[in-house]
Each structure stands twice: as C-alpha cells, then as structure tokens.
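Enquirer: After the sequence you'll find the predicted model.
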Amino acid sequence: KFIIMVPSIAIREGVYKSLQITADHFTESYGKKARFFIYNSKRLDELEGFSSDSGINVMVINIQAFAARGADNRRIYDELDDFQSRRPIDVIASNRPIVILDEPQKMEGKATTESLPKFKPLMILRYSATHRTQHNRVHRLDALDAYNQKLVKKIAVRGIQTRGLAGTNAYLYLEGIDTSKKAPIARIELEVKLKTGEIKRQVRRLEFRDDLFTLSGDLEQYRGFTISQIDYNNDTVEFTNGVILSAGEATGDVSERDIRRIQIRETIKAHFDKEKQLFSQGIKVLSLFFIDEVAKYRDYDHADEKGEYARAFEEEYELLKAEYLSELAIDNEAYRKHLAGIDAANTHNGYFSIDKKTNRLKNPDVAAKSVDSDDTDAYDLILKDKERLLSFAEATRFIFSHSALREGWDNPNVFVMCMLKHSDNMISRRQEVGRGLRLSVNQDGDRMDHPAVVHDINVLTVVASESYKDFVGGLQKEIADTLS
C-alpha cells in the first residue's frame with residue numbers, strides 16, 4: 001500500500017497523470033497492475049478497496065484533505081455512519097502504508113508534520129529536486145548525473161543586455177550576424193523615419209560600409225554610425241565612431257518595454273528555428289512565457305482585450321513568420337503548409353485563474369505565507385489535456401502563464417522559455433527552468449531519448465533579460481553546490 005502526498009491540486013493532477021502513463025511500465029515490472037485513485041472523503045468505497053485488495057494499491061492525497069480545518073477535510077478523523085462508524089484514518093493506518101511525499105519542502109507546516117504519524121507509515125520517502133530539510137538520504141540523482149545519463153534537456157541561454165551611450169540616444173539592437181556567400185551581414189534593429197514622418201523601429205540586414213544616418217532617413221542621432229567591421233567570430237559590429245555592439249546587446253533609448261519586445265521576438269525566433277528542425281520528426285515545439293500580471297496579456301479595458309504582450313507577440317509573430325516562409329527551402333512543403341496555416345491570434349494562449357463571478361482571467365491569489373497560488377483552473381488544458389497540447393492539430397504553441405506553473409507542471413515539449421518578469425527567489429528560478437527540462441515526445445508519444453541524438457533534439461533555450469543572464473552563473477553555482 002502506497003500513499004503519495006502532494007501539496008497542491010496541480011501536483012496531484014500531475015501525479016495522477018503520471019500513474020496513468022506509467023501503468024503498463026509497472027505491470028511489466030511487477031506482473032500485476034497497480035490500482036490507483038485520488039482520495040475523496042465522499043467516495044469512501046475506494047478506500048475500502050484500497051484496504052481489502054491484496055495487490056499493489058496507490059492512493060494520491062493532497063495535504064488539504066487531512067491538514068485543513070474545513071468540515072469536509074475533518075471527515076478523515078470522524079466516525080462516519082456511511083463508513084460503518086469507522087474513522088477513515090484508522091482504516092488507512094491499519095495498512096501500515098509506505099508514504100511518499102512529493103515536493104516535501106512545500107509540506108513542512110505544523111499541521112502536516114503533526115498529521116503524518118496518524119497514518120502509521122512503514123516508512124516515509126521524500127522526493128524533490130530542491131529539499132529544504134535534509135533527512136537520511138536513500139537515493140540521489142543530481143543535476144549532473146541527470147545530464148550525463150541523458151535524462152534531461154541541455155540548456156542554452158539567449159541573454160539581452162542594455163547599456164546607455166553617452167550623449168546620444170541612438171537606439172540600436174544587434175540581433176545577430178549571418179554569413180552569406182559574400183561577406184557577413186548584421187541584423188540590426190534601428191529607428192527609421194517613414195515617408196509619413198512617423199518613426200518606427202525596423203530590423204535591417206546591413207553590410208560593411210552601410211551608413212545608418214542615410215538608412216534611417218537622416219535621423220540626426222545616427223550621424224557617424226557607418227559600419228567599419230562585422231566580426232562573425234566574435235559576433236560584434238564596429239562603427240566608424242568607435243562604438244562596438246555585441247549580439248544580443250541594445251543601446252541608447254532602451255525602455256523596459258523595448259527589452260520585453262526584444263525578448264518576445266527572440267523567443268519566436270528560437271521557436272521557429274527549433275520547429276523547422278523538429279517538425280519533420282513529428283515533434284511539436286511549445287514555448288512558455290512567464291509574466292507577472294494578467295493585464296499585460298489580457299487587458300479588459302481594450303476593445304480587443306489584448307494586453308501589450310499579446311499585441312507585441314502578434315506583431316512580431318507576423319513579421320517573423322513572413323521572413324521564415326520566404327527563406328524556407330522549396331522542398332520543405334509540409335512545414336511550409338503547417339506554418340502558413342496557423343493564425344497568429346490562435347497560436348498563443350494564456351493560462352491563469354478565472355474569476356468565478358466575471359468569468360475573466362485574473363491574477364492568482366497567493367495567501368500570505370504561501371507560495372502556491374489558486375491558479376488551479378488554468379491547469380485543465382495543460383495537465384489534463386497534455387496529449388492535445390502535444391498534437392499538431394492543436395494550434396496553441398505559445399503559452400503565457402503566471403508563476404503558478406512551478407512544481408507539478410511539466411510539459412515535455414517546452415523548448416523555449418522566456419522570462420518577461422523579474423525573478424528573485426532562487427528556488428523559483430530553478431523550478432522555472434525545470435519546467436522545460438523533460439525529454440520531448442513525438443506524435444506517437446514516444447520519448448526522444450535515443451542516446452546518439454538526445455542532445456541534438458532536446459535543447460531548452462532560455463530567453464533571458466539581463467538579470468537572468470546573471471542567474472545562469474548563479475544557477476551553475478547553485479547546481480555545483482548540490483552535486484555529489
């Protein structure tokens with residue numbers, strides 16, 4: 001008899017899903033099927049079966065079911081008429097179950113720790129990537145082992161840096177450098193004066209000796225900016241006035257909003273690069289944006305209800321989609337058709353709590369001492385319909401979510417992750433990156449774990465704002481500290 005205890009509904013759903021997916025695997029190992037169910041105080045016949053069955057039985061229970069104060073939650077300790085005047089907790093305890101705590105660092109509250117002995121467990125196993133309290137260690141698989149054994153994706157980072165230029169507000173962002181048959185070409189975003197007199201930021205492909213002053217429509221701030229060198233090896237562009245720009249670096253008038261837009265664009269670009277590579281192998285690519293407030297994605301004050309991120313996403317997506325389609329190899333017919341058939345407005349979706357009264361998305365409520373939000377309704381498509389999200393028939397490829405997708409939510413096919421928010425809590429950062437480290441699966445549900453190609457396919461790209469770039473150093477140090 002096994003009891004898996006979890007701290008939240010999200011993780012409970014995830015565990016239940018895992019038990020469904022691994023049912024055949026365990027049947028092969030043990031020669032019999034494991035019976036599993038989610039504890040519910042209204043369905044005590046399942047508990048009866050758990051107790052009387054001689055096979056392998058697994059009960060999944062979230063701590064609120066025995067550690068919270070509500071009448072429903074106290075039923076586990078009450079003598080119940082509909083349960084032959086027995087107390088459910090006594091029936092559970094008489095089995096001397098093996099208790100497995102999933103994410104134990106979330107279950108160190110007094111109510112939970114005092115309740116554990118009442119289950120009379122044969123033993124307690126605590127299972128987590130980020131333990132807060134160390135108990136006796138039984139088994140460990142650290143980050144390096146997991147990587148070397150090819151059990152997780154590789155991580156790549158695209159950082160975005162900003163710096164001010166003294167005495168000028170010439171906005172420039174170097175996206176990257178392409179090699180061409182002739183000389184290298186720099187993809188630079190700059191401000192351009194249109195015929196209408198409006199000033200707009202555009203990405204231009206520039207070569208050696210191009211003069212930004214002329215290209216911008218004679219905007220004064222670009223006077224003196226003529227390209228004197230494009231260095232492909234170091235990913236830098238040098239101008240005649242001595243300014244040197246590195247790839248991923250923005251200068252001049254760079255606002256928070258500019259950085260966010262650049263991040264969104266880099267995410268879409270990384271997504272397309274990955275998709276072009278994996279589409280023919282039947283692997284669907286998903287990208288995940290973490291944002292800090294719903295209004296930036298869904299703004300109910302606007303007629304179309306789009307927030308600034310949703311709007312920026314659709315604009316950048318359309319531009320990049322056109323660019324990719326124009327450069328795709330002619331014989332790549334299947335992917336061309338797939339990409340052309342997806343509408344920008346349908347390919348992104350937000351997963352947040354929904355206000356029961358107004359039916360609108362809202363920022364999740366987080367209790368004073370809690371780190372988990374009430375973002376449970378956001379999980380349905382993501383957790384329960386995981387297969388649908390992984391199929392090419394579902395148009396959703398870009399997911400905007402709140403902090404709630406920390407533990408317990410993993411979609412194996414998240415290949416790009418973008419942090420459109422400031423993250424400062426160390427555990428949450430490791431957890432966030434962890435959301436995308438599982439090995440991907442193809443349309444048949446087969447895991448892409450062949451040792452020869454596992455890390456050619458499975459690379460997670462993190463699109464970072466500058467603080468995240470520092471975080472990579474921090475993450476590596478933190479991983480190094482926990483290695484055996």
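Expert: Nice, thanks for sending it over.

Enquirer: Check the chain for its longest helix and report it.
Expert: helix 256-278 (DSSP state H).

Enquirer: C-alpha coordinates for that helix, PDB please?
Expert: The C-alpha trace of helix 256-278 is given here as PDB (Å, rounded to 0.1, in the frame of the first residue of the first chain):
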ATOM      1  CA  GLU A 256      11.700  48.100 -20.100                       C
ATOM      2  CA  ARG A 257       9.100  47.800 -22.900                       C
ATOM      3  CA  ASP A 258      11.800  47.600 -25.600                       C
ATOM      4  CA  ILE A 259      13.600  44.800 -23.800                       C
ATOM      5  CA  ARG A 260      10.300  42.800 -23.400                       C
ATOM      6  CA  ARG A 261       9.600  43.200 -27.100                       C
ATOM      7  CA  ILE A 262      13.100  42.000 -28.000                       C
ATOM      8  CA  GLN A 263      12.600  39.100 -25.700                       C
ATOM      9  CA  ILE A 264       9.300  38.200 -27.300                       C
ATOM     10  CA  ARG A 265      10.900  38.400 -30.700                       C
ATOM     11  CA  GLU A 266      13.900  36.300 -29.700                       C
ATOM     12  CA  THR A 267      11.500  33.700 -28.300                       C
ATOM     13  CA  ILE A 268       9.500  33.400 -31.500                       C
ATOM     14  CA  LYS A 269      12.800  33.200 -33.500                       C
ATOM     15  CA  ALA A 270      14.200  30.500 -31.300                       C
ATOM     16  CA  HIS A 271      10.800  28.700 -31.600                       C
ATOM     17  CA  PHE A 272      10.900  28.800 -35.400                       C
ATOM     18  CA  ASP A 273      14.500  27.600 -35.500                       C
ATOM     19  CA  LYS A 274      13.600  24.600 -33.300                       C
ATOM     20  CA  GLU A 275      10.300  23.900 -35.200                       C
ATOM     21  CA  LYS A 276      12.000  23.900 -38.600                       C
ATOM     22  CA  GLN A 277      14.400  21.300 -37.300                       C
ATOM     23  CA  LEU A 278      11.900  19.000 -35.500                       C
END
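
Enquirer: So which other helices or strands are in contact with that helix?
Expert: strand 172-178, strand 249-251, strand 286-291, helix 308-327, helix 333-340, strand 398-401, strand 414-420, strand 459-464 (3 or more C-beta pairs under 8 Å, 6 or more residues apart in numbering; DSSP states H and E). For every residue, glycine as well, the C-beta is placed using N, CA and C.

Enquirer: Just put those in CSV and tack on distance to residue 11 and mean neighbour count.
Expert: Conversion of the helices and strands packed on helix 256-278 to CSV gives the following (distance: least, C-beta to C-beta, whole Å; neighbours: other C-beta atoms under 10 Å):
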stretch, distance to residue 11, mean neighbour count
strand 172-178, 39, 19
strand 249-251, 39, 20
strand 286-291, 18, 23
helix 308-327, 27, 17
helix 333-340, 34, 13
strand 398-401, 16, 22
strand 414-420, 17, 25
strand 459-464, 21, 23
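
Enquirer: and of those, who's closest to residue 71?
Expert: Among those, strand 398-401 comes nearest to residue 71, with 33.1 Å by C-beta to C-beta.

Enquirer: Name the strands paired with that closest one and say parallel or antiparallel.
Expert: strand 286-291 (parallel), strand 348-351 (parallel) (DSSP bridges).

Enquirer: and those, which one is worst for confidence?
Expert: Among the strands paired with strand 398-401, strand 348-351 has the lowest mean pLDDT, at a mean of 85.

Enquirer: ok, and what's touching the longest helix of the chain?
Expert: Applying C-beta atoms under 8 Å, 6 or more residues apart in numbering, the contact partners of helix 256-278 are 158, 160, 162, 171, 173, 175, 189, 250, 285, 287, 289, 308-309, 312-313, 316-317, 320-321, 324, 328, 332, 335, 339, 397-398, 415-416, 418-420, 440, 457, 459, 461, 463, 465.

Enquirer: what bridges to residue 186?
Expert: residue 177, residue 206.

Enquirer: That one is in contact with residue 206, isn't it?
Expert: Yes - contact status for residue 186 versus residue 206: in contact at 5.0 Å, counting by C-beta atoms under 8 Å.

Enquirer: Can you pull the residues that touch both of those two?
Expert: residue 227.

Enquirer: one step back: the strands paired with strand 398-401 into CSV, with extra columns for distance to residue 448?
Expert: As requested, the strands paired with strand 398-401 are exported to CSV (distance: least, C-beta to C-beta, whole Å):
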stretch, distance to residue 448
strand 286-291, 14
strand 348-351, 24
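
Enquirer: Number of residues surrounding the nearest residue to residue 232 once chain neighbours are set aside?
Expert: The shortest distance from residue 232 to any non-neighbouring residue, by C-beta to C-beta, 6 or more residues apart in numbering, is to residue 184 (4.4 Å). Number of residues near residue 184 (other C-beta atoms under 10 Å) recorded here: 17.

Enquirer: Kindly report the same for the one 4 residues further on.
Expert: For residue 188, the count of nearby residues is 23 (other C-beta under 10 Å).

Enquirer: which SS state does it fall under?
Expert: On the three-state scheme (DSSP: H, G, I helix; E, B strand; the rest coil), residue 188 is labelled strand.

Enquirer: Show me the one of the strands paired with strand 398-401 that comes nearest residue 86.
Expert: Between the strands paired with strand 398-401, strand 348-351 lies closest to residue 86; by C-beta to C-beta that is 40.9 Å.

Enquirer: Can I get the closest one in CSV? Just the C-alpha atoms.
Expert: What follows is strand 348-351, C-alpha atoms only, in CSV (Å, rounded to 0.1, in the frame of the first residue of the first chain):
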residue,chain,number,x,y,z
HIS,A,348,-0.9,31.8,-28.2
ASN,A,349,-3.0,31.2,-25.1
GLY,A,350,-2.9,32.4,-21.5
TYR,A,351,-3.2,30.1,-18.5
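
Enquirer: just how off-centre is it within its chain?
Expert: Centroid separation for strand 348-351 versus its chain: 12 Å, with C-alpha atoms, centre = their mean, to the nearest Å.

Enquirer: list the buried ones in the longest helix of the chain?
Expert: 258-272, 274-278 (16 or more other C-beta atoms under 10 Å).

Enquirer: and the residue nearest to residue 232, what are its phi and psi?
Expert: Per-residue torsions, residue 184: phi -60, psi 150 (degrees, to the nearest 10).
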